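Novice: Sharing a model that was predicted from the sequence below.
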Amino acid sequence: MKKIRISARKILSPEEVYDAGLCSECGVCGLYGDASGFEDVDFGLKPINSTNLVLPRFNNYCPGVRVDAPRTKLDKSSLGPYLEAYACFASDEELRYGGASGGVLTALLIHSMQSSENPVLSAQDMGMTAVQKLSYSMEEVTRTQGSQYRPTPFMSNSNISDLLNTSAAVLRPCQVSAISNVEVQTPLLISFYCAGVPSRSTFEGLIKHMGINDLDQIHSVRFRGRGWPGKFQVENRNQVLAKLTYEESWGYLGKGVLERCNICPDAIGDKADIVGADPWSIIDGRPSFEESPGVTAIFLRTEKGKKAFDNAVKAGKIIVMNPLNIESFISVQKHQFRRRGTSIARNLAHILITGYGLRIKGYSKQLLTVSPWEILRDFLRSLRKFRNNSRIKSSEI
C-alpha cells in the first residue's frame, strides 16, 4: 500500500479519502467530475482522481472529509430536526407489500413524478451491484422498491445536473449531506435511517455463505420488502436460489460495514426534506422482526418535505395512522441513537489510529444524549477495531 501522510485538517483528494478509510462510496465526486471513475478493489469501489479535480470544492462536500449539522432552530436532539412525525403506509397494497417498510418512500416518488412530470431517482438492484437510476414511469419506480444494503453509486455517465433536474430523489444520508453542502436548490431529498453500508466483500461473503459460489448467475438480490421486514432473497433468472430472514442477513452484513460508517454522526438524514425509518413493534423489551403489514415512521424535516407529504396524503397516496409515538420509536432505535451520540468519540479513535478523521461540526450536543460510560466504551472499542481492521495504520502515517 502506498504510504500517505495525513492529518485531521489536510486537504485530501478522492483517492486519499478512500485510502484513509473515510470513503462512504457515495459516488457524489463522480457527479461533480472530481473523480473520473471508480476502480474495483478488494474493499469496494475506489474513486479515481480526475484531471478536472477541484480540491477546495471536493473537500467542501465530501462526506469522507466533513459532516456539518444543518443550520436550523429546530432541535430535536438525537432525532434530528423535524416539523412533524407520523406512522403511515402506502395506500396501494402492492406498494405497501413491496416496500421495505410500508412503501411510503415509493409512494412519495410516484406522486412527485406524476405531479411534476419530471423523473425521480432511486437505487435499483442490478444483480450483484446496485446503482442510483432515473425512473420515468410508475413501473420503473416500483422496480426500485426495497432496501439496498450495499454501496449505491450513480450511473457512470451521470452528472450533477441529472440529479438536480429530478423532482425527487431517495438517497443515503451521506449522499444527501454531500449534495446539500454545495447546492442551494435541490429536488425533494428523501432519505432513511441507515445502520451503515456493508462493504462489497461482506455482501459477496454472505452470498457465498448461503452456498452460492457462481456469482455470475445472480440476476436479482432483494434485501427487504415483500413483507415487513421481508426476506433477504437471491434469485437467478428462473428461480429463488436462497433466502434468509432479516435478522440472519443483517446479523452477517452488519458486522462488515464500511470503515467510514463506524464514525458517522449523521445516519438519520439530518439534511433531507423527508426521512423514513422502521417503527418496529416491541416484544419482551426488544424490537420484533416478525413479518407484519408494513409501517413507515416518517419525519418531515423541512417545509418543502411537509408540503410534499401533505400533498401525497391529500391525493390518497399515503394513509396516516397516527402521530409517531416518539418515546416508543426511540426505544426501538436506541442502537442508532447510541451510535450517533458516541460518533465524536469514535471519530477521535480513528484519528489516533490512522491520523485522519471527519471534520464534524454542530454535533457536540449529541454527547449529552448518552452516558459517559457509553462514550468511553465505544471509544475503547473503536480503538481496538481500527487498530485491527483499518486500511491505514499509525505506522504508515
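Specialist: Arrived safely, thanks for sending. Numbers count the residues shown, from 1 in each chain.

Novice: need the contact list for the closest residue to Ile330 other than its chain neighbours.
Specialist: Closest residue to Ile330 apart from its sequence neighbours, by CB to CB, 6 or more residues apart in numbering: Phe337 at 6.4 Å. Glycine gets a C-beta too; all of them are placed from N, C-alpha and C. If a contact means CB atoms under 8 Å, 6 or more residues apart in numbering, then Phe337 has 78, 330, 369-370 as its contacts.

Novice: Filter those residues down to the buried ones and express that as a PyMOL selection.
Specialist: Remark: buried members of the contacts of Phe337, expressed as a PyMOL selection using 16 or more other CB atoms under 10 Å:
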select buried, resi 78+369+370
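
Novice: do you know how far the residue nearest to Ile330 is from Leu83?
Specialist: 20 Å (CB to CB, to the nearest Å).

Novice: before we move on, back to that, doesn't the residue nearest to Ile330 lie inside a strand?
Specialist: No - counting by DSSP: H, G, I helix; E, B strand; the rest coil, one finds Phe337 to be helix, located in no strand.

Novice: State the distance from it to Ile268.
Specialist: 9 Å.

Novice: burial of Gln336, as a residue count?
Specialist: Gln336 has 18 neighbouring residues, counting by other CB atoms under 10 Å.

Novice: Tell me which residues touch it, please.
Specialist: Applying CB under 8 Å, 6+ apart, the residues near Gln336 are 193, 195, 267-268.

Novice: Nearest to Asn388 among those?
Specialist: Ala195 (21.1 Å; CB to CB).

Novice: pretty sure that closest one is touching Leu258, no?
Specialist: No - counting by CB atoms under 8 Å, Ala195 stays clear of Leu258, with 11.6 Å between them.

Novice: What pLDDT does the model give Met138?
Specialist: For Met138, the pLDDT comes out at 95.

Novice: Look up the closest residue to it, ignoring the ones flanking it.
Specialist: Ile110 (5.4 Å).

Novice: So the one you found: helix, strand or coil?
Specialist: Per three-state DSSP, Ile110 ends up helix.

Novice: the strands in the stretch 151-300 of the chain, which residues?
Specialist: 168-170, 188-192, 220-222, 232-235, 240-244, 274-277, 281-283, 286-288, 296-300 (DSSP state E, counting those that start in this stretch).

Novice: Now tabulate the ones you listed in JSON lines and tack on distance to Lys307, mean neighbour count and mean pLDDT.
Specialist: Listed next are the strands of the stretch 151-300 of the chain as JSON lines, based on distance: least, CB to CB, whole Å; neighbours: other CB atoms under 10 Å; pLDDT from 0 to 100:
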{"stretch": "strand 168-170", "distance to Lys307": "12", "mean neighbour count": "27", "mean pLDDT": "97"}
{"stretch": "strand 188-192", "distance to Lys307": "9", "mean neighbour count": "26", "mean pLDDT": "98"}
{"stretch": "strand 220-222", "distance to Lys307": "32", "mean neighbour count": "20", "mean pLDDT": "95"}
{"stretch": "strand 232-235", "distance to Lys307": "36", "mean neighbour count": "22", "mean pLDDT": "95"}
{"stretch": "strand 240-244", "distance to Lys307": "39", "mean neighbour count": "16", "mean pLDDT": "93"}
{"stretch": "strand 274-277", "distance to Lys307": "10", "mean neighbour count": "26", "mean pLDDT": "98"}
{"stretch": "strand 281-283", "distance to Lys307": "31", "mean neighbour count": "12", "mean pLDDT": "87"}
{"stretch": "strand 286-288", "distance to Lys307": "32", "mean neighbour count": "13", "mean pLDDT": "88"}
{"stretch": "strand 296-300", "distance to Lys307": "9", "mean neighbour count": "26", "mean pLDDT": "98"}
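
Novice: For Ala123, which of these is the nearest?
Specialist: strand 168-170 (7.1 Å).

Novice: in the stretch 1-150 of the chain, which spans are strands?
Specialist: Counting by DSSP E, counting those that start in this stretch, the strands of the stretch 1-150 of the chain are 35-40, 45-49, 66-68, 84-90, 120-125, 130-135.

Novice: and the last one with strand 120-125, angle?
Specialist: Pointing back at strand 130-135 there. 140 degrees (axes from the mean of the first three to the mean of the last three CA atoms, to 10 degrees).

Novice: What average pLDDT does strand 130-135 get?
Specialist: 93.

Novice: Other residues contacting that strand?
Specialist: Here strand 130-135 has contacts from 27, 109, 113, 119-124, 141, 143-144, 148, 150-155, 158, 162, 166, 169, 171, using CB under 8 Å, 6+ apart.

Novice: Only alpha carbons, please: show that strand as CSV.
Specialist: Taking Å, rounded to 0.1, in the frame of the first residue of the first chain, the C-alpha atoms of strand 130-135 are listed here in CSV:
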residue,chain,number,x,y,z
ALA,A,130,-26.9,-1.6,-7.4
VAL,A,131,-27.0,1.9,-8.9
GLN,A,132,-28.9,5.2,-8.5
LYS,A,133,-31.1,5.3,-11.6
LEU,A,134,-33.6,7.7,-13.1
SER,A,135,-37.2,6.4,-13.3
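
Novice: For Val65, see how far away the closest residue to Leu53 other than its chain neighbours is.
Specialist: Spatial nearest neighbour of Leu53, chain neighbours left out: Asp34 (4.8 Å); criterion: CB to CB, 6+ apart. Distance, Asp34 to Val65, by CB to CB: 11 Å.
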